[in-house]
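**Student:** Any chance you can model this:
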Amino acid sequence: MSLTTPEETALIAPERDRKHESHFDAARVTVIRPQRRLISFGFKDIWDYRDLLYLLVWRDVKVRYKQTVIGFAWAVLQPVVSMIVFTLIFGRGAHLATGGVPYPILTYTALLPWQFMSTGLTTSTTSIVSSQALVTKVYFPRLLIPIGPVISGLVDFFAGLGVLVLLMIYYHVHVGWTVLMLPVFLLFAMAVAATVGIWLSALNVRYRDIQYAVPFLVQILFFVSPIAYSTLVFPPWIRPYLGINPIAGVVTGFRWALLGNQAAQVGSIIFVSLGMMVVLLLAGIAFFRRVERSFADVV
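**Tutor:** A predicted model of the protein is given here:
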């Protein structure tokens, strides 16, 4: 065993500490380089930062109903009140075709995904601007910001789904095997809300008029989507063209999954909507990834 004097130890220790420091620094350094590909969707980055996505979602859930009187009851109250109003005006007044389904059930099965999508795209629009402190100081995939509000809306969706179960029991509406497709259409609704939210959030960073135009856009989307009415009110040759609006595909799919007998030309509407959604989603992600490098300077 070799012995060293205190003087020799004093000379060796700094050199040993410098070696450990250099090794530690090399292990901790993260190099961020610009993308060399023309289009990069960054799906790997999103997966790597999934813990941050969870924190953003949980933050949105807590902030949404903070200091509210009735809390999560708002998630149930809004679609229920809308259902009652539509039933009184359209169900009893206009006598719209429902295919033998009670009008409150027909309306609520559409209001449920609509409330989820409209809330998600509305909150996603201002998400980048409201997260200015994060965008300007910390690196992370910016795409997580508009996606977070969409996922947080699942809390409201499942609360409203419980009311739908009670309504179907009350009206003696039975479900078939098609209900197994409901998770698929829920993912479809999430994708549609995220698609619109990605586009609007990126545009809102540079053009703040977008956040004021969104309520007007939501109203237009509501009336052009088969929510207060069924697709059966349209001639058969027109129904496939309704799928150009992706929200129409989601609403039609929900009704088919829960009611079954609303399956008139459901496949054509859903496939057209799915194709439109995929095109808009990929184009929206590509656009978002292209302009996100200027967010910190503009926001």
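**Student:** Quick check: the nearest residue to L259 once chain neighbours are set aside vs L52, distance?
**Tutor:** Leaving out its chain neighbours, the residue that sits closest to L259 by Cβ to Cβ, 6 or more residues apart in numbering is V101, at 5.6 Å. The way it works is simple: take the backbone N, C-alpha and C, and place the C-beta from them, glycine included. V101 sits 43 Å away from L52 when distances are taken as Cβ to Cβ, to the nearest Å.
**Student:** Please report the distance of the residue nearest to L259 from F288.
**Tutor:** V101 is 39 Å from F288, by Cβ to Cβ.
**Student:** about what we covered before: mind checking which of V101 and L52 has more residues around it?
**Tutor:** Neighbour tally, V101 and L52, criterion other Cβ atoms under 10 Å: the higher count belongs to V101, 21 against 17.
**Student:** any idea whether that one is helix, strand or coil?
**Tutor:** Using DSSP: H, G, I helix; E, B strand; the rest coil, the secondary structure recorded for V101 is coil.
**Student:** so it sits right up against H172, yeah?
**Tutor:** No - using Cβ atoms under 8 Å, V101 makes no contact with H172, being 11.5 Å away.
**Student:** Helices of the stretch 1-150 of the chain, residue ranges please.
**Tutor:** 6-28, 43-48, 50-64, 73-86, 103-125, 127-130, 132-137, 144-152 (DSSP state H, counting those that start in this stretch).
**Student:** Looking at the ones you listed, which is nearest to D297?
**Tutor:** Across the helices of the stretch 1-150 of the chain, D297 has its closest neighbour in helix 132-137 (8.8 Å, Cβ to Cβ).
**Student:** Report the buried residues of that closest one.
**Tutor:** Within helix 132-137, the residues scored as buried using 16 or more other Cβ atoms under 10 Å are 134-135.
**Student:** swap in stretch 162-176?
**Tutor:** With burial defined by 16+ other Cβ under 10 Å, the residues of stretch 162-176 counted as buried are 163-164, 167-168, 173.
**Student:** Ok, stretch 217-228 next?
**Tutor:** Applying a neighbour-count criterion of 16+ other Cβ under 10 Å, one finds 217-218, 221, 225-228 buried in stretch 217-228.
**Student:** In a markdown table: these, plus pLDDT.
**Tutor:** Compiled in a markdown table, those are given as follows (pLDDT from 0 to 100):
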| residue | pLDDT |
| --- | --- |
| L217 | 91 |
| V218 | 91 |
| L221 | 91 |
| S225 | 90 |
| P226 | 89 |
| I227 | 89 |
| A228 | 85 |
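**Student:** Turn those into a markdown table, columns for distance to G153 and secondary structure.
**Tutor:** Listed next are these as a markdown table, based on distance: Cβ to Cβ, whole Å; DSSP: H, G, I helix; E, B strand; the rest coil:
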| residue | distance to G153 | secondary structure |
| --- | --- | --- |
| L217 | 18 | helix |
| V218 | 14 | helix |
| L221 | 16 | helix |
| S225 | 17 | coil |
| P226 | 21 | coil |
| I227 | 17 | coil |
| A228 | 21 | coil |
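**Student:** Now render those residues as TSV, adding distance to L88.
**Tutor:** TSV is the format used below for the buried residues of stretch 217-228 (distance: Cβ to Cβ, whole Å):
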residue	distance to L88
L217	27
V218	22
L221	23
S225	20
P226	19
I227	16
A228	12
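**Student:** Quick check: pLDDT value at the residue nearest to L259.
**Tutor:** If you check V101, the pLDDT there is 82.
**Student:** what are the phi and psi angles of it?
**Tutor:** The phi/psi pair for V101 (degrees, to the nearest 10) reads phi -90, psi 140.
**Student:** which among the buried residues of stretch 217-228 gets closest to P149?
**Tutor:** Closest approach to P149 among the buried residues of stretch 217-228 (Cβ to Cβ): V218, at 14.3 Å.
**Student:** residue contacts, the residue nearest to that closest one when sequence neighbours are not counted?
**Tutor:** The shortest distance from V218 to any non-neighbouring residue, by Cβ to Cβ, 6+ apart, is to S118 (5.2 Å). In this structure, S118 makes contact with 218, 221-222, judged by Cβ atoms under 8 Å, 6 or more residues apart in numbering.
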